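A.B. asks: let me see the structure of the following:
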Amino acid sequence: MAATDKVFAGSIPEFYDRFLVPMIFEPYALDLAQRVAVAHPSDVLETAAGTGVATRAIAARLPAGTHIVATDLNQPMLDYAATRQPQDRPVTWQQADALALPFPDQSFDAVACQFGAMFFPNKVKGYSEARRVLRPGGRFCFNVWDRISTNEFADVVIESLAAVFPDDPPRFLARTPHGYHDTDLIRRQLAEAGFSDIAADAVEHRSKAASPQLPAVAYCQGTPLRNEIEARDAARLEEATNKAADAIARKFGSGAVDGRIRAFVFTAS
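C.D. replies: Numbering: from 1, shown residues only. Got it, this is the predicted structure:
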């Protein structure tokens, strides 16, 4: 994993939440919230909360008295998430590394992580920390993207950028968000971390946008893919975004676009 893969700063949080969240993250956040709610938790921890789409879904699904702590490695993401959380449903926001959680053992009934495990430098350590802070019988719910070829907009974007930078194509999307999809490996790592009763479900949705430009902006300017593009030539960010939009239009049409997205959702206790 490149160092820039975990950097969500500058304008990335805003672009991420405005464009990418409604396009690909919201349906999985609702799914994750439902899986957490089944455990009827009193105390919930979310790791890698990002701009809070899953946090908002979980908070809306659980009783008002449920204590929710949302953490992320990137303070700018949490700062933005806090502005989006309804004031009548408070959440505790705390910067924290999922591999070294600053909470006592057995502090939570459920731990949730929406598309964050792919970014853990040490997956077993991250899972072990989730297990450590769970109370006996607690539930760990998280999701990861399937391979990039099953997520159509992302696949088209990465191919279009290979044409813009043929000598050194940006590979963030394939390398990190879509680079951790071996369910057998994930099961083994969860078991190594001490989890049992592990379930994995493949969940598909449709990613929809009003125009090809929106997914292009979402991926090229609302993720660390932007860092890779600007590292190659900052002056070509708009060009790269437009090339991605053109490629999406060629495959899906110039009006409203609709593409397949696919992820795996894990539940372990």
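
A.B. asks: longest helix anywhere in the protein?
C.D. replies: Ranked by residue count and defined by DSSP state H, the top helix of the chain is helix 237-252.

A.B. asks: list the buried residues in the helix or strand just after that one.
C.D. replies: Next in sequence after helix 237-252, counting helices and strands by DSSP states H and E, comes strand 257-268. In terms of neighbour count (16 or more other C-beta atoms under 10 Å), strand 257-268 has its buried residues at Val257, Gly259, Ile261, Arg262, Ala263, Phe264, Val265, Phe266, Thr267, Ala268. Backbone N, C-alpha and C define where each C-beta goes, glycine included.

A.B. asks: what lines up beside strand 257-268 in the sheet?
C.D. replies: Strand 257-268 has these partner strands in its sheet, going by DSSP bridges: strand 134-145 (antiparallel), strand 199-209 (antiparallel).

A.B. asks: just want the angle from that strand to helix 237-252.
C.D. replies: Inter-element angle recorded for strand 257-268 and helix 237-252: 100 degrees (by axes from the mean of the first three to the mean of the last three C-alpha atoms, to 10 degrees).

A.B. asks: distance between strand 257-268 and the chain's centre?
C.D. replies: Offset of strand 257-268 from its chain centre (C-alpha atoms, centre = their mean, to the nearest Å): 11 Å.

A.B. asks: and if you look at stretch 242-256?
C.D. replies: Distance of stretch 242-256 from its chain centroid, counting by C-alpha atoms, centre = their mean, is 24 Å.

A.B. asks: ok, now stretch 164-180?
C.D. replies: Distance, stretch centre to chain centre, for stretch 164-180: 17 Å (C-alpha atoms, centre = their mean).

A.B. asks: what's around Arg147, how many residues?
C.D. replies: Using other C-beta atoms under 10 Å, Arg147 has 14 neighbouring residues.

A.B. asks: got a list of what it touches?
C.D. replies: His178, His181 (C-beta atoms under 8 Å, 6 or more residues apart in numbering).

A.B. asks: and it, how far is that from Thr223?
C.D. replies: Remark: distance between Arg147 and Thr223 (C-beta to C-beta, to the nearest Å) = 17 Å.

A.B. asks: ok, Pro22 next?
C.D. replies: Using C-beta to C-beta, Pro22 is found at 15 Å from Thr223.

A.B. asks: neighbour count winner among those two?
C.D. replies: Between Pro22 and Thr223, Thr223 has the larger neighbour count (other C-beta under 10 Å), namely 23 against 16.

A.B. asks: surely that one is within a helix?
C.D. replies: No - using DSSP: H, G, I helix; E, B strand; the rest coil, the assignment for Thr223 is coil, not a helix.
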